[in-house]
Structures are given as C-alpha cells and as structure tokens.
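A.B. asks: This is a predicted model, with the sequence first.
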Amino acid sequence: MDDSTRVRVGGDRPYDVLIGRGLTDHLVALLDGAQRVAVVHTASVAARAEDVAGRLRAAGLTPVTVTVPDAEQAKSVGTAERVWDELGAAGFTRTDAVVGIGGGALTDLAGFVAACWLRGVRWVPVSTSLLGMVDAAVGGKTGVNTSAGKNLVGAFHPPAGVLCDLEALDSLPTVDVAAGLAEVVKCGFIADPTILDLVEKGPGDAVDPTSPVLRELVERAVRVKADVVAGDLRESGRREILNYGHTLGHAIEKVEGYRWRHGHAVAVGTVYAGALGELAGRLDADTAARHRSAMAALGLPVTYRADAWPDLLAAMRVDKKARGSRLRFVVLDGLAKPSILDGPSDELLAEAYGRVAA
C-alpha cells in the first residue's frame, strides 16, 4: 500500500513532491516519453543508483550512470562539463531526462546540468539526505559553486517531480540528520512554529529517521517551501524569506572552504539572524533566544570563530542577496513574521556577530 504524501508545488510548471518510504517505483512514471536517462549520483549512493538504473532498464529505458564527487566537491563547472560530455556521447535529446541521486549538492548539480543541456531537459531529484529533501530538491533552484562563492552560477529549472524517500535516511549518521534539521527549524521560525514545538518537545524523535515526528517535520518543511516558491520561482519577492540564516551561513561555508556541513553553517547563521533582528529592534528577546536553544537541542553549532568576522563580512558582500554595496538580511518582526533588513550598518552587523562569536 502506498502511504506517500503528495505536496503540490504550484506555479507555471507545477509538480508534486512525494514523501514516504519505498518510492522508487514512482520514478518511471515521471520519465514517461524519455528514451535515455542520465542517473547522476555520488559514490556513496552507488548501490541505490544501480537499483534505480535496473528499474529503468526493466521499464525499457536506457540508463546512463555518471558518478561524481560527494558533497560540495560535486558542485563545480568542471564536474558539470564532464556530465555534459557524457550526455553528448550518449546522444541525449530534448525528450531525454536527468535523474539526480544524492544529497543537496548532488541534486543542485544534476538540476543545473539538466537546465543547461539543450537549454533545458526534464529532471527528477531523488534526495538521499534530509537536507536535500527539505531544501535543495524543492523549488527549482539549481547551481554550482565557484571560487567567488556558493551558488553564484545557476538557473531556475523546476523538476518534473521530487522523490523524498525516507528509507534513504535510515543509514545516515545522526549528525547528518541533525544538520538537515537546521533547514527545518528555519522553516519553523519563518512560517510554521509547530515545527519548533515538535523539535523542542522531542529532539531525540526529531533525529530518528523511523519516527513519525521526523516524517511530520519533513512534510511541514516541504509545505512551507512549496507555499513560498509557488508564487515566486525566481526569487523576486517572497521567496527571499527562505534565505533566513543563509547570508552568514554561506559566508561561513566559503571561509571554511566548504568543509563545514551546510546545515551547521545555517544553524549558526540562523542564530545570528535572530540576534540581528533583536538588535535592530525588530524581534523580541525571547524569540531571539529560542533560535539558540532550538538549534542546540539538536546538537547543532551555535557559535563560530571570533577572529573570522572580517573574512565573513567580505564574503557576505558578494552574496546573491546583496544589492550593490548594500547587504540585505531576512529578519523576523515576530515569530513567523519574516521581513527584510536592508543596508544595516557595519556596527550593527558586528554587534550581532558578537552574539555568536566564540
């Protein structure tokens, strides 16, 4: 019996996000009409990729498996070029498709490859990490990193559908599940406070892939993102609120050479955003403090090196959310009331960093 949950993502090119267990059989239906399918995956999920390739083959499709590096190392123009060469060698046409199997970095890459090949072919992300399920795979934002920063080269290219198979989380280390929950907690602060209640009531259940609590958290986070991106695919308006905590988070990742987990960087960035909102006179002290306690309950980092501030500030100035020389931050005017803080002073930014500096 199929007990999957479907969350509809609206817009000009609507699609469904399927959440549940044992969802691989749904993939073939999303690829109807294709002849060749590139199965782009990381080495760590090679067994799952081979299973998918076998199912595609049994359905009469021709899978072309392409292995790429794990984590952020996959997200480079060089890796994308190598995948494009594989598509060219296999004779991929406009009716063929790309399937990305892996974490958020992998699905970002696979979507970017699909967006650029013949100016856009169908693609389906099959997320194998919690972070990928609740963030990268939903929304149609694809991209790669460059030496200048994270996700500065990319395209908006909605998928044909998204598979969030919770079985993939069973073998993940707890530290990786917790890191993915940083994005879920973010959704709690900007839109759905019930998420915060669930995490605070049972942080142990929140990091247990088999628990109904984790499934509810995934479904709630996906619904938050689906609701936001449906009316703003290209991040020209409300979608910007999904970047809560990401301005500093992306800067930390860059300073760390992408060796930090994305969720860990976002956890610190979210605590920083709470402090910034409070110091700007926009957010009450209790809600600001809740940022730290919610992330800490999951074992996530809530501080970063004090001496890194000059490098972090420089990195934030080339963030996608900046406008010219003016930095923009998503802050809260209250719980689930996100807004924009445009052009805060360097003094205010530094004071807020003092709240997370260690």
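C.D. replies: Alright, I've got the coordinates.
A.B. asks: Helices of the stretch 151-300 of the chain, start to end?
C.D. replies: Counting by DSSP state H, counting those that start in this stretch, residue ranges of the helices within the stretch 151-300 of the chain are 174-190, 194-201, 203-206, 212-230, 246-255, 262-279, 285-297.
A.B. asks: Going by neighbour count, which residues in the third one are buried?
C.D. replies: Neighbour-count burial for helix 203-206, counted by 16 or more other Cβ atoms under 10 Å, picks out Pro203, Asp205, Ala206. From N, CA and C alone the C-beta is placed, and that goes for glycine too.
A.B. asks: Then the first one?
C.D. replies: Of the residues in helix 174-190, those scored as buried under the neighbour-count criterion (16+ other Cβ under 10 Å) are 176-190.
A.B. asks: do the same with the fourth one
C.D. replies: By neighbour count on 16+ other Cβ under 10 Å, the buried set for helix 212-230 is 213-230.
A.B. asks: How about the last one?
C.D. replies: When burial is assessed from 16+ other Cβ under 10 Å, helix 285-297 yields the following buried residues: Thr287, Ala288, Arg290, His291, Arg292, Ala294, Met295, Ala297.
A.B. asks: How about the third one: what's its closest non-neighbour residue?
C.D. replies: Beyond its immediate neighbours in the sequence, the residue positioned closest to Arg290 (Cβ to Cβ, 6 or more residues apart in numbering) is Leu196, lying 7.0 Å away.
A.B. asks: residues contacting that neighbour?
C.D. replies: Val185, Gly188, Phe189, Arg290, Ala294 (Cβ atoms under 8 Å, 6 or more residues apart in numbering).
A.B. asks: Could you dump the residues you listed into CSV and include pLDDT?
C.D. replies: Below are the contacts of Leu196 laid out as CSV (pLDDT from 0 to 100):
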residue, pLDDT
Val185, 98
Gly188, 98
Phe189, 98
Arg290, 98
Ala294, 98
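A.B. asks: For Gly202, list the residues it contacts.
C.D. replies: Applying Cβ under 8 Å, 6+ apart, the residues contacting Gly202 are Val213.
A.B. asks: With Ser293 instead?
C.D. replies: Contacts of Ser293 by Cβ under 8 Å, 6+ apart are Glu200.
A.B. asks: Give me the pLDDT for it.
C.D. replies: pLDDT for Ser293: 98.
A.B. asks: How many residues are close by the closest residue to Gly22 other than its chain neighbours?
C.D. replies: When the adjacent residues along the chain are set aside, Gly22 lies closest to Glu167, with 6.2 Å between them (Cβ to Cβ, 6+ apart). Glu167 has 15 neighbours, counted by other Cβ atoms under 10 Å.
A.B. asks: Any figure for the gap between Glu167 and Ala155?
C.D. replies: Note on Glu167: its distance to Ala155, by Cβ to Cβ, to the nearest Å, is 30 Å.
A.B. asks: ok, now Glu50?
C.D. replies: For Glu50, the distance to Ala155 - Cβ to Cβ - is 29 Å.
A.B. asks: low pLDDT regions in the stretch 251-358 of the chain?
C.D. replies: Applying pLDDT under 70 to the stretch 251-358 of the chain flags residues 320-325.
A.B. asks: From the recorded domain assignment, give the ranges for the chain.
C.D. replies: Following automatic domain parsing, the chain resolves into domains at 5-169, 174-353.
A.B. asks: Just the buried positions in stretch 145-165, please.
C.D. replies: For stretch 145-165, by 16+ other Cβ under 10 Å, it's 145, 149-151, 153-154, 156-165.
A.B. asks: Now do the same for it: mean pLDDT, whole number.
C.D. replies: pLDDT averaged over stretch 145-165 gives 90.
A.B. asks: For Phe112, which non-adjacent residue is spatially closest?
C.D. replies: Thr142 (4.1 Å).
A.B. asks: and if you look at Ile190?
C.D. replies: Setting aside the residues directly before and after it, Ile190 is nearest to Pro338 in space (Cβ to Cβ, 6+ apart), at 4.6 Å.
A.B. asks: what pairs with the one you found across the strands?
C.D. replies: Leu332 (DSSP bridges).
A.B. asks: OK, contacts around it?
C.D. replies: Ile190, Ala191, Ile241, Tyr244, Val330, Val331, Leu332.
A.B. asks: what are the ranges of the strands in the stretch 51-200 of the chain?
C.D. replies: Taking DSSP state E, counting those that start in this stretch as the test, the strands found in the stretch 51-200 of the chain are 62-68, 97-102, 122-127, 141-146, 149-156, 162-165.
A.B. asks: okay if I get the ones you listed as CSV plus distance to Leu23?
C.D. replies: CSV is the format used below for the strands of the stretch 51-200 of the chain (distance: least, Cβ to Cβ, whole Å):
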stretch, distance to Leu23
strand 62-68, 18
strand 97-102, 12
strand 122-127, 8
strand 141-146, 21
strand 149-156, 25
strand 162-165, 4
